[in-house]
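K.L.:
generate a structure from the sequence data that follows.
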Amino acid sequence: MLRIYGDVIELVRELRPVLAELAARDANLADQMKRALCSVPLNLAEGAMLSGGNRNLRYRTALGSLREALACVEVGVALGELAPLEAGPRDRFEKIKATLINVVR
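P.N.:
Next up, the predicted model:
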């Protein structure tokens, strides 16, 4: 299992209030964000049990889902439905993203 798995679970925990706030204003966007966010640790866990190209594919999927979840936050901010992320979750997003980019290269 990648060491960032714990960071991913913590990010999910940190974003619970953001999801709740978004759900009150835009249920569709919140649903998409939740599905993307849940996909990240699930694909990391699946990839950890695979090898070769299949492992890389799962990690690429996790990276894509992470980027999608962040895009949902950014769209929510742009629409005035969310406040910008605080430094903690924003930095955690960047750490996870950077690690996954390095892993899939």
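
K.L.:
just the helices from this structure, written as ranges.
P.N.:
Counting by DSSP state H, one finds helices in the chain at the ranges 5-25, 27-48, 52-78, 87-104.

K.L.:
how close does the closest residue to residue 55 other than its chain neighbours sit to residue 24?
P.N.:
Using C-beta to C-beta, 6 or more residues apart in numbering and skipping residues adjacent in sequence, the residue nearest residue 55 is residue 47, 4.8 Å away. Using the backbone N, CA and C atoms, a C-beta is placed for each residue, glycine as well. Going from residue 47 to residue 24 by C-beta to C-beta, to the nearest Å gives 34 Å.

K.L.:
just want to know which of these two has more residues nearby.
P.N.:
Shown here are residue 47 and residue 24; by other C-beta atoms under 10 Å, residue 47 has more neighbours (22 against 10).

K.L.:
relative to residue 5, how far out is the more buried one?
P.N.:
Residue 47 is 10 Å from residue 5, by C-beta to C-beta.

K.L.:
what residues are up against residue 88?
P.N.:
Going by C-beta atoms under 8 Å, 6 or more residues apart in numbering, residue 88 touches residue 14.

K.L.:
burial count for residue 78?
P.N.:
With neighbours defined by other C-beta under 10 Å, the count for residue 78 comes to 9.

K.L.:
centroid residue for this structure?
P.N.:
residue 66 (3.2 Å; C-alpha atoms, centre = their mean).

K.L.:
pLDDT value on the closest residue to that residue other than its chain neighbours, please?
P.N.:
Excluding the flanking residues, the one nearest residue 66 by C-beta to C-beta, 6+ apart is residue 40, at 5.1 Å. For residue 40, the pLDDT comes out at 98.

K.L.:
now do the contacts for residue 40.
P.N.:
Each residue near residue 40 by C-beta under 8 Å, 6+ apart is listed here: 8, 11-12, 62, 65-66, 69, 96.

K.L.:
confirm for me that residue 37 is in contact with residue 65.
P.N.:
Yes - contact status for residue 37 versus residue 65: in contact at 7.4 Å, counting by C-beta atoms under 8 Å.
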